[in-house]
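> 3D model of this:
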Amino acid sequence: MTSEQRRLVQESWTLVAPNAPVVAAMFYDRLFELDPALRPMFAHADMREQGKKLTQMLTVAVTSLNRLDQIVPAVEALGRRHAGYGVRDEHYAVVGQALLDTLGTGLGAAFTEELRAAWTDTYVTLAGVMQRAAAEQASVLRDTAAAREKMVA
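Next comes the predicted model:
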């Protein structure tokens, strides 16, 4: 990500963040429209609280873009937690599309191709960290299970 992309994302988020509850509701509506099979993952969730968590996480990530190395451990932990919820690699593309669609709707004409590209790079960067952490955890769990099976056998 370039410094210009970081600036664009941060400035645009200041326009979105004041409407966080509406934005979160739009995001989840779009997510479930794109992939209705994801809805059961949220069957027991308080969606207002879930939306609050989403926008808080986005706020932290966006405000930390100039020091991503400091938030990597938290993003990795988020990826591991999401793996535990059943999130798979293919879900990240759907979430990214829902995010971009939501931002496009919310920002209207201000959501230029340049801004879309900046948000895409931001999402791909953060999602990549989450996916790597989830994959590492899955590998550790598989290795642990295999070791236990050998011990029992």
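
> for residue 3, grab the count of nearby residues.
Under the neighbour criterion other CB atoms under 10 Å, residue 3 is assigned a count of 9. Bear in mind the C-beta positions are built from the backbone N, C-alpha and C, glycine included.

> nearest spatial neighbour of it, chain-adjacent residues omitted?
residue 66 (8.0 Å; CB to CB, 6 or more residues apart in numbering).

> residue 80 now?
Nearest residue to residue 80 in three dimensions, chain neighbours excluded: residue 137, at 4.7 Å (CB to CB, 6+ apart).

> thinking again about what came up before, quick check: the residue nearest to residue 3 touching residue 9?
No: using CB atoms under 8 Å, residue 66 makes no contact with residue 9, being 10.7 Å away.

> between the two, which is the more surrounded one?
residue 9 (22 against 11).

> which stretches of the chain have low pLDDT?
138-153 (pLDDT under 70).

> switch the cut-off to 80
Along the chain, the parts satisfying pLDDT under 80 run over 137-153.

> any idea how far residue 41 is from residue 112?
Distance, residue 41 to residue 112, by CB to CB, to the nearest Å: 32 Å.

> among these two, which residue is more densely surrounded?
residue 41 (15 against 12).

> and the more buried one, its phi and psi?
Here is the backbone geometry of residue 41 (degrees, to the nearest 10): phi -60, psi -20.

> pretty sure it is touching residue 84, no?
No: using CB under 8 Å, residue 41 is not in contact with residue 84, being 11.2 Å away.

> what separation do you get for the residue nearest to residue 80 and residue 70?
For residue 137, the distance to residue 70 - CB to CB - is 21 Å.

> mind checking which of those two has more residues around it?
Neighbour count, other CB under 10 Å: between residue 137 and residue 70, residue 137 has more, with 17 against 9.

> which strand or helix spans that one?
helix 113-152 (DSSP states H and E).

> with residue 31 instead?
With secondary structure defined by DSSP H and E, residue 31 is part of helix 20-34.

> what's near enough to touch the residue positioned nearest the centre of the chain?
Closest to where the C-alpha atoms of the chain average out (CA atoms, centre = their mean) is residue 127, at 5.9 Å. Residue 127 sits next to 92, 95, 96 when contact means CB atoms under 8 Å, 6 or more residues apart in numbering.
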